[in-house]
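> only the shape, not the letters, is given here:
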């Protein structure tokens, strides 16, 4: 995966295709910048780039055989949107450090991101942001940082499916919501979770998140420090 700069990203595209290319370049530039800033070893930088590149190759190959189905309408470019989303998520995950433990966590996350769910994992759809619909498959909430995803997409709501599409009950819903609160409130202490009032006996658990601008801005500073913003605004 070659290094991508921010050059030209300060120019607003004039077509739908242009915007798609802009978002792809932005995702790659964000990832390249994070890896270069955070990962001190040249060998480890190469390794991090290679695991993302290999995941993308597998994902594109699988999509050519079994294309993803739209979850929301109007659907965007489902394949490109998902690849850009995962690329940016890995860029954020790098901030947790370059220890072998964190690199293995990133590898595990990528190994779970397929075109369709095997139904052995939770399926979490992030809806109403940009892109309109992206998703993640995880064994548990410990595999993912919801605050990072909110920063990336600014989604409006989440649809969560249990493994094997088992129905939710009050106990399983409460456990999931409590764990989600712990994750989100760590980064955004004033966040509000809007929860389906009666999730019992339903296949999907619907949760909305409202976040004040101040913690969201702090998250942006964490992921995109002033030097990053200056390069983006200056287009160099």
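Yep, that arrived. What you see is a predicted model; the values in this text were computed from it and never measured.

> what about the closest residue in space to residue 115 that isn't next to it in sequence, how many residues close to it?
Counting by C-beta to C-beta, 6 or more residues apart in numbering, residue 62 is the residue found nearest to residue 115 once chain neighbours are left out, at 4.7 Å. Quick note: C-beta positions are derived from backbone N, CA and C, even for glycine. By other C-beta atoms under 10 Å, 15 other residues sit near residue 62.

> the closest residue to residue 160 other than its chain neighbours and residue 109, how far apart?
For residue 160, ignoring the flanking residues on the chain, the nearest one in space by C-beta to C-beta, 6+ apart is residue 205 at 4.4 Å. Distance of residue 205 to residue 109, computed by C-beta to C-beta, to the nearest Å: 21 Å.

> what do you get for residue 147?
On the measure of C-beta to C-beta, residue 147 and residue 109 end up 15 Å apart.

> residue 188 now?
Residue 188 is 21 Å from residue 109, by C-beta to C-beta.

> next, the buried residues of the helix or strand containing residue 25.
Per DSSP states H and E, residue 25 falls inside helix 16-38. Using 16 or more other C-beta atoms under 10 Å as the test for burial, helix 16-38 gives 20, 23-35, 38.

> of all pairs in those, which one is the farthest apart?
20 and 38 (27.5 Å; C-beta to C-beta).

> and residue 174, what is it in contact with?
Listed by C-beta atoms under 8 Å, 6 or more residues apart in numbering, the contact set of residue 174 is empty.

> repeat for residue 111
residue 55.

> from residue 102, how far off is it?
Using C-beta to C-beta, residue 111 is found at 15 Å from residue 102.

> do residue 15 as well
Distance from residue 15 to residue 102, by C-beta to C-beta: 39 Å.

> the two - which one has more neighbours?
For residue 15 versus residue 102, the count of surrounding residues by other C-beta under 10 Å is larger for residue 102: 14 against 8.

> so that one is in which element?
helix 100-112.

> in that helix, which residues are buried?
If you call a residue buried by 16+ other C-beta under 10 Å, then helix 100-112 has these buried ones: 103, 105, 106, 107, 109, 110, 112.

> what is the burial count for the nearest residue to the first one once chain neighbours are set aside?
Looking back up the chat, that one is residue 103. Excluding the flanking residues, the one nearest residue 103 by C-beta to C-beta, 6+ apart is residue 48, at 6.9 Å. Around residue 48 there are 25 other residues, counting by other C-beta under 10 Å.

> ok but residue 48 is inside a strand, no?
No - using DSSP: H, G, I helix; E, B strand; the rest coil, the assignment for residue 48 is helix, not a strand.

> the strands in this protein, which residues?
Using DSSP state E, the strands of the chain run over residues 122-127, 133-138, 157-161, 192-195, 204-210.

> what's residue 96 in contact with, if anything?
Contacts of residue 96 (C-beta under 8 Å, 6+ apart): 102, 105.

> let me know the pLDDT of it.
pLDDT recorded at residue 96 is 87.

> and it, how far from residue 103?
Residue 96 sits at a distance of 10 Å from residue 103 (criterion: C-beta to C-beta).

> give the contact list for the residue lying closest to residue 140 once chain neighbours are set aside.
Nearest residue to residue 140, sequence neighbours excluded (C-beta to C-beta, 6+ apart): residue 122, at 7.2 Å. For residue 122, the contacting residues are 137, 138, 139, 140, 141, 160, 161, 162, 163, by C-beta under 8 Å, 6+ apart.
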